[in-house]
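1. Only the shape, not the letters, is given here:
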């Protein structure tokens, strides 16, 4: 088992290289020019050339990537054009807020979604079951920023129960976390339901019931461990979408996370901050997906590296 | 067939047209999906007629004297913080939303189907590598990918469309890879090959027409997602600049007035939500129509 986990984790290194190369290429090859971005629209041709030379942007692309990745491995993602502070400093400042928000949202989605899904699987075609289908469609159709503003209007502006923006107290976490997590409650519930329904028809479940085990024990011990595997896999894949959503939710609630740092950097045309934060976002996605693989290996001893 | 797509989703022929779908909705009593289909017709109509009802000037010109009027006669949805009529802006927004969504999905559809079909039709090392790249892109957050593309290309509708389109390519590539791969071994394809049809003819005349239903279902759902991502990027300020009456831009611009005058947010927000919801409901119904086995399944 340990060997499986280590093999999966060893994949992290080439994958992170691949991700960094992909991001580097996309940002450098699409039409547009980091130096011109930094110089602003009114800069003279001479200024742009000067900036290009200062940041080494006039060197061949593979040299630039070599320098970039070499520095990145020493914890240097370049400096912000706007504040001249190292990008890693900005990321260290904002990453905890983003992790706090996404973790809270995921916990909400899991703690509500999985029990609802189990209930719907045990009572197929009930009212709860059809309500779940409806909620799932509503969840994927609701733009995060509109949901966030509606919740803010209701709970902060009208009822005055919760603070509308900022970070610090747990009360300030509720609205952003609910906005981000709510659409995933329905999707986790639907997934759990489908996966549970598949498992509940297996022979070993019938055997467990036939030998007289109580239903609750069969459901929570025998079925859930098997039904969890697709849920964990999708959890890993959904995490990326969740991070994308966090960028928007952070902007709505003035949550000082990495998404807002990224958006502000885009507005300020701060190329290295954009490149660095996207790299960290991508690394998070890769790590969480690998972690999901490892968890699945723990849940199902049949999964082995090949 | 060892394919991820159930065999029944590959239809017998192109006979089931639009009338078939309308009849299906009524027969199965899927009134909600039928209402959603009507809403989409209204949305498309609004997008088309907007310029005849309201001039661009009416949707964008600042009239501070008429700022933040509540809904009522003369301004049925009220006016925003710069005195612009919200009916005019929401209608023009429908037009922009439709153009952005349709053109970005068209980019994704053409390129994605090409990638998926070629990789499926010519299995080999290049195809494995290509699909590996596709899977990798699928795991990457699409909003972030689109943000990355818009960042350097600059914020405008002209860069929003390719950003959404390119980030959607892997969806279509993944969807077409399996069915094309399994279909190239089907008897009717082998028969055409035996009488000397070229690869291009096999793909374009025999395989892809049989997968038309996949295109229709996925495109409906993709339009919903394209609108979702596009409005999100516009809300962040990465789409067209103000005063463009794009719904995400409108919501971002009027945010400060949400507690005093909620209608400035509710008008574009509800339009956005209803259009996305309608595309998703119609897409789900289309999927059930094309693949009856999926009905009632999550």
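-> Sure thing, it's come through. Fair warning: this is a prediction, and the values are worked out from it, not measured in the lab. Numbers count the residues shown, from 1 in each chain, chains lettered A, B, ... in the order given.
2. okay, CA-based contacts and neighbour counts for the rest of this
-> OK.
3. Quick one: name the residues of chain B near chain A.
-> B:139-144, B:148-149, B:151-154, B:224, B:228, B:231-232, B:235-237, B:251, B:255, B:258-259, B:262, B:269, B:273, B:276-277, B:280-281, B:297-298 (CA under 8 Å from any CA of the partner chain).
4. try 6 Å
-> With the criterion set to CA under 6 Å from any CA of the partner chain, chain B comes near chain A through B:139-141, B:143-144, B:152-153, B:228, B:259, B:273, B:276-277.
5. so which of those is the most crowded?
-> residue B:276 (28 neighbours; other CA atoms under 10 Å in any protein chain shown).
6. Please identify which residue in the stretch 101-250 of chain B comes closest to chain A.
-> The stretch 101-250 of chain B approaches chain A most closely through residue B:141 (4.5 Å), counting by CA to the nearest CA.
7. sorry, back to before: tell me the two of the residues of chain B next to chain A that are most distant?
-> The largest separation in those, counting by CA to CA, is between B:139 and B:259 at 37.7 Å.
8. check contacts around residue 159.
-> By default, I'm working from chain A. Residues near residue A:159 by CA atoms under 6 Å, 6 or more residues apart in numbering or on different chains: none.
9. that's the other chain; I wanted chain B
-> residue B:150.
10. now do 7 Å
-> Applying CA atoms under 7 Å, 6 or more residues apart in numbering or on different chains, we find residue B:159 in contact with B:150, B:153.
11. So residue A:49: helix, strand or coil?
-> helix (DSSP: H, G, I helix; E, B strand; the rest coil).
12. From residue B:188, how far out is the nearest residue to it once chain neighbours are set aside?
-> Closest residue in space to residue A:49, ignoring its immediate chain neighbours: residue A:35 at 7.8 Å, by CA to CA, 6 or more residues apart in numbering or on different chains. Between residue A:35 and residue B:188 the distance is 56 Å, computed by CA to CA, to the nearest Å.
13. I'd like to know how many residues surround residue A:245.
-> 25.
14. element containing it?
-> helix A:224-252 (DSSP states H and E).
15. Give me the buried positions along stretch A:247-260.
-> For stretch A:247-260, a neighbour-count test (16 or more other CA atoms under 10 Å in any protein chain shown) marks A:247-253, A:255-260 as buried.
16. quick one: contacts of it?
-> Defining contact as CA under 7 Å, 6+ apart, one finds that stretch A:247-260 is touched by A:91, A:94-95, A:97-98, A:144-145, A:148, A:164-167, A:176, A:180, A:246, A:277, B:232, B:236.
17. pLDDT (mean, whole number) over the helix holding residue A:245?
-> On average, the pLDDT along helix A:224-252 is 84.
18. Likewise for stretch A:102-110?
-> For stretch A:102-110, the per-residue pLDDT averages 91.
19. cool, and stretch B:55-64?
-> On average, stretch B:55-64 scores 83.
20. Buried by neighbour count: which residues of it qualify?
-> For stretch B:55-64, by 16+ other CA under 10 Å, it's B:56, B:58-60, B:62.
21. Let's see which of the residues you listed end up in helices.
-> B:56, B:58-60 (DSSP state H).
22. if we can go back for a sec, which one of residue A:35 and residue B:188 has more residues nearby?
-> residue A:35 (23 against 14).
23. Quick check: which element contains that one?
-> helix A:34-39.
24. buried set for that helix?
-> Neighbour counts over helix A:34-39 (16+ other CA under 10 Å) mark A:34-39 as buried.
25. Likewise for stretch B:203-219?
-> For stretch B:203-219, the buried set under the neighbour-count rule, 16+ other CA under 10 Å, comprises B:203, B:206-208, B:210-211, B:213-215, B:217-219.
26. which residues sit in contact with residue 122?
-> Unless you meant another one, I'm taking chain A. Not one residue lies near residue A:122 by CA under 7 Å, 6+ apart.
27. how far away is it from residue A:77?
-> In terms of CA to CA, residue A:122 sits 51 Å off from residue A:77.
28. Kindly report the same for residue A:12.
-> 19 Å.
29. Centre of the chain to stretch A:214-227, how far?
-> 29 Å (CA atoms, centre = their mean, to the nearest Å).
30. Output the longest helix belonging to the chain.
-> Since you didn't name a chain, this refers to chain A. Chain A, longest helix under DSSP H: helix A:87-122.
31. not quite, I wanted chain B
-> Longest helix in chain B, counting by DSSP H: helix B:86-121.
32. Tell me which helix or strand comes right after that one.
-> Counting by DSSP H and E, the next helix or strand C-terminal to helix B:86-121 is helix B:125-139.
33. so after that next one, what's the next helix or strand?
-> Counting by DSSP H and E, the element after helix B:125-139 in chain order, helix or strand, is helix B:142-153.
34. Quick one: list the elements packing against that next one.
-> Packing partners of helix B:142-153 (3 or more CA pairs under 7 Å, 6 or more residues apart in numbering or on different chains; DSSP states H and E): helix A:224-252, helix B:157-183.
35. Enumerate the positions of the longest one that are buried.
-> If I follow you right, that is helix A:224-252. Those would be A:224, A:226-252, for helix A:224-252 by 16+ other CA under 10 Å.
36. what's the distance between the helix or strand just after that helix and the middle of its chain?
-> Proceeding N to C from helix A:224-252, the next assigned helix or strand is helix A:258-267, under DSSP H and E. Chain-centre distance of helix A:258-267: 16 Å, with CA atoms, centre = their mean.
37. contacting residues for the closest residue to chain B within the stretch 151-300 of chain A?
-> Minimum separation of the stretch 151-300 of chain A from chain B (CA to the nearest CA) falls at residue A:240, amounting to 4.5 Å. If a contact means CA under 7 Å, 6+ apart, then residue A:240 has A:285, B:139-141 as its contacts.
38. residues in contact with the closest residue to residue B:285 other than its chain neighbours?
-> Nearest non-adjacent residue to residue B:285, counting by CA to CA, 6+ apart: residue B:33, 6.5 Å away. Residue B:33 makes contacts with B:281-282, B:285, as judged by CA under 7 Å, 6+ apart.
39. Scan these and report the most crowded one.
-> residue B:281 (26 neighbours).
40. Average pLDDT for the strand or helix carrying that residue, rounded please.
-> According to DSSP H and E, residue B:281 maps onto helix B:263-290. Averaging pLDDT along helix B:263-290 gives 92.
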